[in-house]
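Enquirer: Sequence isn't available, so here's the structure alone:
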Ligand SMILES: [Cu+2]
């Protein structure tokens with residue numbers, strides 16, 4: 001299991017937090033996702049053998065937020 005912290009722009013409220021976390025958690029290989037609104041980050045626990053960091057970023061972008 002790997003852990004990564006991705007910087008995300010545009011998340012402003014609890015709804016944004018939920019959207020991003022939910023989108024990530026529905027991916028195969030993602031164990032957990034936790035958004036920190038103040039830090040503008042999302043911490044993700046994932047299995048790199050199943051899902052790539054690139055894929056995680058793509059999923060966040062597709063949800064409508066900007067990955068830095
Ligand atoms: Cu919001």
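Expert: Good, I have the coordinates. Predicted, not measured: the structure shown is a model, and the values here were computed from it. Residues are numbered from 1 along each chain as shown.

Enquirer: who touches the spatially most distant residue from the centre of the chain in this structure?
Expert: Largest separation from the mean C-alpha position in the chain: residue 49, at 17.2 Å (CA atoms, centre = their mean). By CB atoms under 8 Å, 6 or more residues apart in numbering, residue 49 lies in contact with residue 29. C-beta coordinates here come from the backbone N, C-alpha and C atoms, glycine included.

Enquirer: Sticking with residue 12, tell me its helix or strand.
Expert: Of the helices and strands defined by DSSP states H and E, none includes residue 12.

Enquirer: Any figure for the gap between it and the ion?
Expert: Residue 12 sits 5 Å away from the ion, going by CB to the ion, to the nearest Å.

Enquirer: Okay, that residue and residue 40: tell me how far apart.
Expert: Applying CB to CB, to the nearest Å, the value for residue 12 to residue 40 is 10 Å.

Enquirer: Those two: which is more packed in?
Expert: residue 40 (17 against 11; other CB atoms under 10 Å).

Enquirer: per-residue confidence for that one?
Expert: You'll see residue 40 listed with a pLDDT of 98.

Enquirer: I'd say it and residue 9 touch.
Expert: Yes - contact criterion CB atoms under 8 Å: residue 40 and residue 9 qualify, at 6.4 Å.

Enquirer: What parts of the protein come near the ion?
Expert: 12, 13, 15, 16 (CB under 5 Å from the ion).

Enquirer: where along this structure do the strands fall?
Expert: Along the chain, the segments classed as strands by DSSP state E run 2-9, 30-36, 41-46, 66-67.

Enquirer: strand partners of the longest one, parallel vs antiparallel please.
Expert: Put plainly, it is strand 2-9. If you go by DSSP bridges, strand 2-9 pairs up with strand 41-46 (antiparallel), strand 66-67 (antiparallel).

Enquirer: Residue 57 contacts residue 65, doesn't it?
Expert: No - contact between residue 57 and residue 65 fails when scored by CB under 8 Å: they sit 10.2 Å apart.

Enquirer: So for these two, which residue has more residues nearby?
Expert: residue 65 (21 against 15).
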